[in-house]
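Chemist: predicted model and sequence below, questions to follow.
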Amino acid sequence: SRPTVLSKSSGTTGMPTVRFMDRDATVFNHLTVRRYLRDNHIPLGSTILFAHSSKETPLFWRSVPLQFFAQRVFASVFTLMENPELIRMLNIDVVVGSPHQIQLLAQDVFAKGKVKPPRLFVNIAERLDVHQRRTIENCTGSTVIDAYCGSEFSTIIAFECRICHRLHTNSDFILVEILSPEGKPMLQGGIGEVVITDLCNLVSQLIRYRTGDLATVSDISECNCGRTLPVQINKIEGRITE
């Protein structure tokens, strides 16, 4: 009885999960994206590059009205490294990708002065270590933040605060627990598995879903940035299988 789409996870965490997604929930995901863009002073209507590693997929872009008419560009890092003038032509404000992808672009395109760096790099999909972050920042002078997300969920789970450098969870759309192997809540500074309840997908609910991700519980519950979203995570540590 609700608008529905079929979604498959990336499979980076093992066997891909195929499930139904509530199409109406996409509006909440766009709101969570706008939250971290606004926190980093990215204006409305900006151009956001989503980097990927597929050489065969051609570059394409589309407008996203629900993200206040942001322009989304999807392009291979290899295409951009071979043709840096494409980034100049597109006037990219934000680059989103894995740590390896954005580090490649920072070192081989932006650091060589070929193109003006974006205002913001957003890491998704994998753990960003301190050396990768430092390299990207030193090469470009741009801000680098973490956005914690999972393709199983309706919205972004959490995003890095530019003030406290911990992660605000989007607790109005996603409930996050960090638990011990015995299922008990971890205390501040402890490392546990991230367990999530999705409040937005009314088609195929996920209740206390074990993600397999490990995170450190934040040593503070709120920061002075003005956001009322809770600060639950210091950083993502990796996977329980690692």
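Modeler: Here it is on my side, so go on. Residues are numbered from 1 along each chain as shown.

Chemist: so who does Leu59 touch?
Modeler: Val73, Phe74, Ala75, Ser76, Thr79, Leu86 (CB atoms under 8 Å, 6 or more residues apart in numbering). No exception for glycine: its C-beta is placed from N, CA and C like everyone else's.

Chemist: farthest-apart pair in those residues, please.
Modeler: Phe74 and Leu86 (12.1 Å; CB to CB).

Chemist: can you name the residues bridging to the closest residue to Arg133 other than its chain neighbours?
Modeler: Nearest residue to Arg133, sequence neighbours excluded (CB to CB, 6 or more residues apart in numbering): Val144, at 5.2 Å. Judged by DSSP bridges, the bridge partners of Val144 are Phe121.

Chemist: doesn't Leu128 make contact with Val144?
Modeler: Yes: between Val144 and Leu128 there is a contact under CB atoms under 8 Å: 7.4 Å.

Chemist: can you name the residues that contact the residue nearest to Arg133?
Modeler: Ile102, Leu120, Phe121, Val122, Asn123, Leu128, Arg133, Ile136, Glu137.

Chemist: how about the contacts made by the residue lying closest to Thr17 once chain neighbours are set aside?
Modeler: Using CB to CB, 6+ apart and skipping the chain neighbours, the partner closest in space to Thr17 is Ser9 (4.4 Å). Going by CB under 8 Å, 6+ apart, Ser9 touches Pro16, Thr17, Val18, Gly150, Ser151, Glu152.

Chemist: tally of neighbours for the fifth one?
Modeler: Put plainly, it is Ser151. 16 (other CB atoms under 10 Å).

Chemist: Cys139 now?
Modeler: 18.

Chemist: again with Gly183
Modeler: When neighbours are counted by other CB under 10 Å, Gly183 comes out with 12.

Chemist: tell me the spacing between it and Ile196.
Modeler: Applying CB to CB, to the nearest Å, the value for Gly183 to Ile196 is 14 Å.

Chemist: same check on Phe153?
Modeler: 6 Å.

Chemist: now the lowest-mean-pLDDT helix or strand in the chain, how far from the chain's geometric center?
Modeler: Sorting the helices and strands of the chain by mean pLDDT, DSSP states H and E puts strand 60-64 at the bottom, at a mean of 79. Centroid separation for strand 60-64 versus its chain: 18 Å, with CA atoms, centre = their mean, to the nearest Å.

Chemist: which strands and helices sit next to the helix or strand just after it?
Modeler: Following strand 60-64 in sequence order, the next helix or strand is strand 70-76 (DSSP states H and E). Identification of packing neighbours for strand 70-76 by 3 or more CB pairs under 8 Å, 6 or more residues apart in numbering; DSSP states H and E yields strand 47-52, strand 60-64, helix 85-90.

Chemist: ranges for the helices of the protein?
Modeler: 26-39, 77-82, 85-90, 99-105, 130-140 (DSSP state H).

Chemist: hey, least reliable of those helices by pLDDT?
Modeler: Lowest mean pLDDT within the helices of the chain: helix 85-90, a mean of 85.

Chemist: list the buried residues for that helix?
Modeler: Leu86, Ile87, Leu90 (16 or more other CB atoms under 10 Å).

Chemist: quick one: which of those is nearest to Thr241?
Modeler: For the buried residues of helix 85-90, the nearest to Thr241 is Ile87 (35.8 Å; CB to CB).

Chemist: contacts only, for that closest one.
Modeler: Leu49, Leu80, Val109, Val115.
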